[in-house]
Structures are given as structure tokens and as C-alpha cells.
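Q: This is a predicted model, with the sequence first.
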Amino acid sequence: MNKNIFDRISTVIIIFICAILINFISSIYFNPVFLAGVLFLTFIKILKREYYYSAFFLALAMLYLELNNGFKPFSLILLSCFIYSFIVPYIKRIISYSQLNEYLYIFVFYLGFTFLYILNNSYSSDLFFTIFINIVIDFLIVGLMI
């Protein structure tokens, strides 16, 4: 069995606390840092290993992110479950380079995130810049976690 950084509950709790603190602090500024991609990727890894007690903490962090940004409750969790159930197996089957898959998962998640954001909030010209900055930040964090 492959050891993973997410096997320890302390790592998941640290990600949970960091995501909530960063979203709490960055909600003041015009370009918030969501860390939604990191939460999503952690959620996928936790569901794959069937650590449901850890998934509870990540669901709480996603719920806080949703409520802080004006989404409907549990919309990001449902988006995460949809992508995990239907899109992740398709990407695994098509892409043979496994290191690229996690970046594709985050990119697809942010496409859905952008769609939900446009549905729930008004469209602004800064939205795509904010999403792009968040994708870059999440890619850097995931690159350090791999």
C-alpha cells in the first residue's frame, strides 16, 4: 500500500484550519484566495482511501468556503462528488501520465467552480483574473504536496 501525506488526520486538520483562516482573512480583499482546488484534491484522496472521518472536516471547510462566497450550501461538495464520480475516472482512463491528472482535476474543478460562481453571483471582469490567480496558487501548493 502506498503511503500518502493524507493518511494522517493531523495533515487534514491543518489543511482544514489553513483553508478556513485564509478564506476568513482574504474575504476582506477584492481578490480572495479560495484554496478550493487544494480542498478538492484532498477530498478526492480522502474519499479514495475511504477515510470518511477526515472527509467530514473537509466538508466543513468547503461549507465555510461556500457560505463565505455566497454559494448555496453544499454546492461545492456536490460538485466535488460529481467530478469524483464521473469525470475523474474518465480522465484516468484517457490520460496515461498520472502526475498530470491532479492538475487536470483541479482545472476541471475550477471550471465548475467558475460556472457555479457565475450562476450564484453577478459576473464581473475581475472574476477570471481571480480564478486564474487561484489556479496558479493551487497548482503551486499541489506541486509542493506531491
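A: Cool, the structure landed. Numbering: from 1, shown residues only.

Q: What distance do you get for Ile94 to Leu104?
A: From Ile94 across to Leu104, the span is 10 Å (C-beta to C-beta, to the nearest Å). Placement of C-beta: from N, CA and C, glycine included.

Q: again, but for Tyr90
A: For Tyr90, the distance to Leu104 - C-beta to C-beta - is 10 Å.

Q: more neighbours, the two?
A: Counted by other C-beta atoms under 10 Å, Tyr90 and Leu104 do not tie: Leu104 has more neighbours, with 16 against 11.

Q: which residues touch the spatially closest residue to that one that is not a sequence neighbour?
A: In space, and not counting its chain neighbours, Leu104 is closest to Ile91: 5.4 Å by C-beta to C-beta, 6 or more residues apart in numbering. The contact partners of Ile91, taken as C-beta atoms under 8 Å, 6 or more residues apart in numbering, are 101, 104-105, 108.

Q: In helices, which of the residues you listed fall?
A: When these are checked against helices (DSSP state H), the matches are 101, 104-105, 108.

Q: ok, now how distant is Leu100 from Leu39?
A: Leu100 is 20 Å from Leu39, where distance means C-beta to C-beta.

Q: higher neighbour count, the two?
A: Remark: of Leu100 and Leu39, Leu39 carries more neighbours, 26 against 11, as counted by other C-beta under 10 Å.

Q: what about the more buried one, which helix or strand?
A: Assigned by DSSP states H and E, Leu39 belongs to helix 36-49.

Q: which parts of that helix are buried?
A: Of the residues in helix 36-49, 36-47 count as buried by neighbour count, 16 or more other C-beta atoms under 10 Å.

Q: quick check: angle from the worst-scoring helix or strand of the chain on mean pLDDT to helix 36-49?
A: The weakest-scoring helix or strand in the chain, judged by mean pLDDT, DSSP states H and E, is helix 9-26 (a mean of 86). Relative orientation of helix 9-26 versus helix 36-49 (axes from the mean of the first three to the mean of the last three C-alpha atoms, to 10 degrees): 160 degrees.

Q: tell me what helix 9-26 is packed against?
A: helix 36-49, helix 52-69 (3 or more C-beta pairs under 8 Å, 6 or more residues apart in numbering; DSSP states H and E).

Q: Nearest to Phe115 among the ones you listed would be which one?
A: Proximity to Phe115 (C-beta to C-beta) singles out helix 36-49 among the helices and strands packed on helix 9-26, at 13.0 Å.
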